[in-house]
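*Asks:* Sequence plus predicted model, see below.
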Amino acid sequence: MYPPNTKSSTGTTSAAPRTIAVAITGVGLVGSEFVSQLLSVSQPNPFRVVSLSSSKHTLFSPDGLDISKDSWKDRLASAPHRNPEDLANDLASLVRPGQDVVFVDNTSNENVAGLYPTLLASGVNVITPNKKAFSGESALYNRILQASLDSGAKFLNESTVGAGLPIISTLKDLVVTGDKIKKIEGVFSGTMSYIFNNFSTSQPTGPSFSSVVKLAREKGYTEPHPADDLTGSDVSRKLTILTRYIPSLRPALPLPNGFLSVPTTSLIPSALSPLTTPEKLSSAEAAEEFVSRLEEFDGEFETMRGEALKEGKVLRYVGVVDVEKGEVKADLQRYPLTHPFATSLGGSDNIVLFHTERYSPRPLIIQGAGAGAAVTAMGVLSDLFKLV
Ligand SMILES: NC(=O)C1=CN([C@@H]2O[C@H](COP(=O)(O)OP(=O)(O)OC[C@H]3O[C@@H](n4cnc5c(N)ncnc54)[C@H](OP(=O)(O)O)[C@@H]3O)[C@@H](O)[C@H]2O)C=CC1
Ligand SMILES: N[C@@H](CC=O)C(=O)O
Ligand code: NA
């Protein structure tokens, strides 16, 4: 830990370096990997973990928790539950000059996202890969912006789009330096990318649709309920997040009930819709049932694959934000076997093309793994370093 003041070898006293108290909510796939990456930050490590929370348990210590061994998992499992609002108050009380506080939300929970305005208003920075806040209703989004503006606390969410790929920072840089965004298009879902890179190729036969969905889940690419990926809503959320960084676009977009309405193609077989209601999407049991029943519909997906190949094409799930037309959509489309989306993507790759006034006629392109614990946690940690 840093002492309050540091004496140099010449005897002069300098102000102590800023330290950053970090509260981590959600220690699943991404959250646990984030803790590991935080531990491996080279010394002097300015971060001190003051809190770890799952949905049922919370560890809290203003002086810092020992996370150097995996035993934090056992300690967390036997810790009491703490009301998130109380935790938010405790974190607010730690904010003072030279002592920054950050709330890292590694859940996909809407209630946790609903805490951001309170946290930000009290000076606690918020960093998250959780898409729910910035893709949610405009009232929450506006409250987040206002609270951050009033207190100066930062809201950073690089991993919400393209995981660790620098998509949001690039878009912010383009906008703030006065470039004009014309269109953003690409493959925005690591899960959809993995599924179709493996399911729909130049080969007439291949693995079943349900088997590649299971593999995407095992590799940690899917949302807690994979239907969140297969409905296309994960992509439409990412597109919504991007539109919110393009001020010129906002007035042109329809916002019924405060939500951006993105025409989105769902891949959910209609017989499985009852397993994808809002309540079921937060149920681990419903997720299991959904995945195990998917194979009943493999034939439908095989037909789609065969029809595309008859045209010499493959299937890819893409998203578009067309600023000039004021159009945003998420769709399953067919691409010729020679198209870059057919030839250059592998694994959970995302590819994002920014067509702008400056990057024209050739777009600025970002490509790489767009899902998985390591690259997502890296994006969260890189946001944390933006505060140092
Ligand atoms: N996986 C990926 O490749 C990527 C993920 N993301 C985002 O990262 C976030 C985490 O994803 P991932 O780690 O894969 O998901 P997991 O399901 O593995 O982890 C989520 C964790 O959140 C916890 N949680 C749920 N509700 C609460 C709550 N109210 N308070 C505290 N903890 C809670 C759950 O713990 P419990 O066991 O207690 O329920 C669970 O362990 C999501 O928002 C996802 O969209 C973003 C980019 C890529
Ligand atoms: N489920 C998401 C995870 C990252 O946002 C995806 O597959 O892209
Ligand atoms: Na990103």
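*Replies:* Great, that's in hand. Quick caveat, the model's predicted, so the values are computed rather than measured. Ligands and ions are numbered 1, 2, ... in the order given.

*Asks:* Now for the residue in the chain that ligand 1 sits nearest to, how many residues are close by?
*Replies:* Using Cβ to the nearest ligand atom, the single residue of the chain nearest to ligand 1 is Gly28, 2.0 Å away. Just so you know, the C-beta spots here come from the backbone N, C-alpha and C atoms, and that holds for glycine as well. With neighbours defined by other Cβ atoms under 10 Å, the count for Gly28 comes to 15.

*Asks:* ok, it touching Gly220?
*Replies:* No. Using Cβ atoms under 8 Å, Gly28 makes no contact with Gly220, being 9.3 Å away.

*Asks:* one step back: next, the residue of the chain closest to ligand 1: phi, psi?
*Replies:* phi -80, psi -140 (degrees, to the nearest 10).

*Asks:* residues contacting it?
*Replies:* The contact partners of Gly28, by Cβ atoms under 8 Å, 6 or more residues apart in numbering, come to Asn106, Thr107, Pro224.

*Asks:* try Val291
*Replies:* Ser210, Val213, Lys214, Arg217, Pro226.

*Asks:* Could you dump these into CSV and include neighbour count, distance to ligand 2 and secondary structure?
*Replies:* As requested, these are exported to CSV (neighbours: other Cβ atoms under 10 Å; distance: Cβ to the nearest ligand atom, whole Å; DSSP: H, G, I helix; E, B strand; the rest coil):
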residue, neighbour count, distance to ligand 2, secondary structure
Ser210, 17, 17, helix
Val213, 25, 11, helix
Lys214, 18, 14, helix
Arg217, 19, 10, helix
Pro226, 22, 8, coil
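
*Asks:* now, which of these lie close to ligand 3?
*Replies:* The subset of the contacts of Val291 within reach of ligand 3, counting by Cβ under 5 Å from the ion, is empty.

*Asks:* Any residues of the stretch 151-300 of the chain in contact with ligand 3? List them.
*Replies:* Near ligand 3, when you scan the stretch 151-300 of the chain using Cβ under 5 Å from the ion, you find Glu158, Gly162, Leu165, Ile167.

*Asks:* my read: the first one touches Ser382, true?
*Replies:* So the one you mean is Glu158. Yes. If you go by Cβ under 8 Å, Glu158 and Ser382 touch, sitting 6.3 Å apart.

*Asks:* and for those two, which residues touch both?
*Replies:* Joint contacts of Glu158 and Ser382 (Cβ under 8 Å, 6+ apart) are Gly164.

*Asks:* more crowded one of these two?
*Replies:* Between Glu158 and Ser382, counted using other Cβ under 10 Å, the more crowded position is Glu158 (26 against 17).

*Asks:* From Asp229, how far out is that one?
*Replies:* Between Glu158 and Asp229 the distance is 20 Å, computed by Cβ to Cβ, to the nearest Å.

*Asks:* got TSV for the contacts of Gly28, with pLDDT, secondary structure and neighbour count too?
*Replies:* Shown next, in TSV, are the contacts of Gly28 (pLDDT from 0 to 100; DSSP: H, G, I helix; E, B strand; the rest coil; neighbours: other Cβ atoms under 10 Å):
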residue	pLDDT	secondary structure	neighbour count
Asn106	98	coil	28
Thr107	96	coil	22
Pro224	89	coil	16
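
*Asks:* Of the residues you listed, which are in range of ligand 1?
*Replies:* Asn106, Thr107, Pro224 (Cβ under 6 Å from any ligand atom).

*Asks:* Of these, which is the nearest to ligand 2?
*Replies:* For these, the nearest to ligand 2 is Pro224 (9.1 Å; Cβ to the nearest ligand atom).

*Asks:* Leaving out sequence neighbours, find the closest residue to the closest one.
*Replies:* Ser108 (5.7 Å; Cβ to Cβ, 6 or more residues apart in numbering).

*Asks:* my read: the one you found touches Glu223, true?
*Replies:* Yes. With contact defined as Cβ under 8 Å, Ser108 counts as touching Glu223 (6.1 Å).

*Asks:* So what touches stretch 130-148?
*Replies:* 26, 105-110, 112-114, 116-118, 120-121, 126, 153-155, 157, 160, 234, 236-238, 240-241, 244, 255, 257-260.

*Asks:* I'd like to know which of the residues you listed are buried.
*Replies:* Neighbour counting over the contacts of stretch 130-148 (16 or more other Cβ atoms under 10 Å) leaves 26, 105-109, 112-113, 116-118, 120-121, 126, 153-155, 157, 160, 234, 236-238, 240-241, 244, 260 as the buried ones.

*Asks:* now, which of those lie within helices?
*Replies:* 112-113, 116-118, 120-121, 234, 236-238, 240-241 (DSSP state H).

*Asks:* Give me the mean pLDDT for the helix or strand harbouring Ser292.
*Replies:* Using DSSP states H and E, Ser292 falls within helix 284-293. Throughout helix 284-293, pLDDT has a mean value of 94.
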